[in-house]
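Undergrad: pasted the sequence and its predicted model underneath.
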Amino acid sequence: MSKKADYTKTALQYNKRYRDTQFEKYRIMLSGLNLSGKILDHGCGTGLLSEFLKRDDLVGCDSSAGMLKVRGSGDLTNVEKLPYEDNQFDRVLSFSVLMNCKNPEKAILEIKRVLKPKGTIVCTFLKAFESKLKPMIAKNFTVKLETTCGEDTGLILEPKSVKQY
Ligand SMILES: C[S@@+](CC[C@H](N)C(=O)[O-])C[C@H]1O[C@@H](n2cnc3c(N)ncnc32)[C@H](O)[C@@H]1O
């Protein structure tokens, strides 16, 4: 699936089809990670991540009204232009989203803008998109961990520190 319309069409089947696959990615990427503070569920879809974490305080955003309807709440938006102020989030969790973006570089720059300077990003994308997405990501963030995450590549990232002179 890659088009936003597809997600709306299949929103009602999404959880049944993908819960186990996505839960495995969350387990691999999030076990032992500090998830304190304000969290953005970036491309939250139907809200499987909230269900996995048993948390109802994640800020969710997605471009599919159908997926958000299943989730029950969230901001209907394109992640290439987020409706949040700068330095808002302690963590941005982006599971299987960047590869769907028309302009992933814009989405990456938006993550950088809304993340606090000491924040953490977790992102995954299909392995086939690695050569396209990794250079864009590495230009903007320090890669703290890279791992195989089911069908995806999973990355834990931090903002590049700005040297003070
Ligand atoms: C494979 S689903 C993953 C959903 C969720 N992160 C999960 O773990 O189940 C991809 C999601 O990204 C959303 N998406 C794709 N492109 C987007 C964009 N440019 N802006 C916002 N959401 C987008 C889709 O609507 C869909 O809900």
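TA: Alright, I've got the coordinates. Numbering: from 1, shown residues only.
Undergrad: I'd say Arg19 and Leu48 touch.
TA: Yes: here Arg19 reaches Leu48: they are 6.0 Å apart, a contact under C-beta atoms under 8 Å. C-beta: built from backbone N, CA, C; applies to glycine.
Undergrad: among these two, which residue is more densely surrounded?
TA: Under the neighbour definition other C-beta atoms under 10 Å, Arg19 and Leu48 were set side by side, and Leu48 has more, 22 against 14.
Undergrad: and the pLDDT at that one?
TA: For Leu48, the pLDDT comes out at 98.
Undergrad: isn't it up against Tyr18?
TA: Yes: because the distance of 7.3 Å satisfies C-beta under 8 Å, Leu48 is recorded as touching Tyr18.
Undergrad: run through who's touching the host helix or strand of Gln13.
TA: For Gln13, the element it lies in under DSSP states H and E is helix 11-30. With C-beta atoms under 8 Å, 6 or more residues apart in numbering as the contact definition, helix 11-30 has outside contacts at 7, 10, 45-46, 48-49, 52-53, 64, 66-67, 69-70, 93, 95-96, 122, 124, 147, 149-152, 154, 156.
Undergrad: okay, Ser2: pLDDT?
TA: Looking at Ser2, the pLDDT reads 46.
Undergrad: contacting residues for the residue most central in space within the chain?
TA: Central residue of the chain (C-alpha atoms, centre = their mean): Ser94, 0.9 Å from the mean position. Taking C-beta under 8 Å, 6+ apart, we find Ser94 in contact with 42-43, 79, 111, 121-124.
Undergrad: tell me the secondary structure for it?
TA: On the three-state scheme (DSSP: H, G, I helix; E, B strand; the rest coil), Ser94 is labelled strand.
Undergrad: write down the beta-bridge partners of it, one by one.
TA: Counting by DSSP bridges, Ser94 is bridged to Cys123.
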